[in-house]
Every structure is written in C-alpha cells, then in structure tokens.
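S.K.: turn this into a model:
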Amino acid sequence: MENEQARIIEVLQLAVRMEIEGKEFYQKASQKSSNRLTEELFQHLANEEDNHRKKFERIYETFKREQNWPDTEPPSGKGKKLKSLFAEASKALGDKIKVTESELEAIKIAMNMEIESRNLYQSRSEESTFAIEKRFYEALAGEEREHHLTLADAYEYLSDPAGWFTKTEHWSLDGA
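M.R.: Modelled structure (predicted):
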C-alpha cells in the first residue's frame, strides 16, 4: 500500500507540472495569435489547464495529509463547451480567415500535449485502487480527448477553411 501511495503522489506532482506547463504554453500561444479564433481557443485552454492544476493541488494536499483519495468531483465536461466555442467562432469567421504558420505549429504542439495528458490520465485510471480516483482520471482523460479533438478540428479549419466547411456542412459537389 505504501508503494501505491507513493505512486499516487508521484502522478499528482507530474499532473500539476503538466498543467502548469500547459497553461504557460497556451497563454503564450494566445498572446501571439493573429486572429480571434486561435486567441480565444488558446485562452480557454489556458483557463482549463489552470482549473485542472487547482484540483490536483487540492487533491495532493488532502492526500498527503490523510493518505486517502479525497471525495472530489470529477471534471464537468468543459471540453464540450470548448467545442461549442470553436463551432460558433468558425461560423462567424467563415472561410476567409488568415492564420500564420506558427499558429498551426502551436496547434500541432497542443494536440500532442493533450494526447500526452490523456494517456497519463487514462493509464492512471486503469491503475488506480480508489474508485473515486479512477472516476476522476477517467473524466479528466475524456476532457483531454475533447480538447485534442477540438484542436484537430481547429487545425483542419485553419489550414483549409473551404475544405473544412465542405466536410462539416456535408456539401455535395455532384453537379446536380
């Protein structure tokens, strides 16, 4: 059991570091953005990373003190809100959006960061011995997956807006 407690603390510390680094990355990317969509997308992700960090820090402090996973609410599905934010912004901007190569590169980096986070949380949910810890990490892995999917959608939209609209709106080019 002592080994398991050490592993829980190790993962919590790693998660806090990852969330801090993620927030810093998203804030810098938001500040360097040349359009409203990527600026808002990165700022929203920075805020979510900060919320995750705060949860992990509370869990960490409680776990160190009580040696038991605290009764913690899992994340609330804010990843779906992010997808909605992107959908609304892309409709408002249409297919005439300008994007820099560095913004596209930042989105690719962000997608990899979200995959890395999701993999850590999914792995921990499978290893965990506390049911509440398992549910927490499963929910968090789902949220990170939503972040990744939204970023992938944003990348596709920003690199080929007309193609993205054709695919998303299911336009047909059959000539009829």
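S.K.: from His52, how far off is Ser128?
M.R.: In this view, Ser128 and His52 are 17 Å apart by C-beta to C-beta, to the nearest Å. Where you see a C-beta, it was placed from the backbone N, CA and C, and this is true even at glycine.
S.K.: where does the chain have its least confident helix or strand?
M.R.: Using mean pLDDT, DSSP states H and E, the weakest-scoring helix or strand in the chain turns out to be helix 78-93, at a mean of 64.
S.K.: following that one, which helix or strand shows up next?
M.R.: Next in sequence after helix 78-93, counting helices and strands by DSSP states H and E, comes helix 101-127.
S.K.: so which bits of that following helix are buried?
M.R.: Going by neighbour count (16 or more other C-beta atoms under 10 Å), the buried part of helix 101-127 is 103, 106-107, 110-111, 113-114, 117-118, 120-122, 124-125.
S.K.: rebuild those as CSV, extending it with distance to His148 and pLDDT.
M.R.: Shown next, in CSV, are these (distance: C-beta to C-beta, whole Å; pLDDT from 0 to 100):
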residue, distance to His148, pLDDT
Glu103, 17, 91
Ala106, 14, 94
Ile107, 11, 94
Ala110, 8, 96
Met111, 6, 96
Met113, 9, 95
Glu114, 4, 95
Ser117, 9, 95
Arg118, 7, 96
Leu120, 13, 95
Tyr121, 12, 95
Gln122, 12, 97
Arg124, 17, 95
Ser125, 17, 94
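S.K.: nearest to Ala152, out of these: which one, please.
M.R.: Nearest to Ala152 out of the buried residues of helix 101-127 is Met111 (C-beta to C-beta; 5.9 Å).
S.K.: which intervals of this structure have sub-threshold pLDDT?
M.R.: Along the chain, the parts satisfying pLDDT under 70 run over 1, 74-87, 89-96, 165, 169-176.
S.K.: gap between Arg135 and Ser125?
M.R.: When distance is defined by C-beta to C-beta, Arg135 is 8 Å away from Ser125.
S.K.: cool, Ala6 as well?
M.R.: Distance from Ala6 to Ser125, by C-beta to C-beta: 18 Å.
S.K.: cool, and Leu14?
M.R.: For Leu14, the distance to Ser125 - C-beta to C-beta - is 15 Å.
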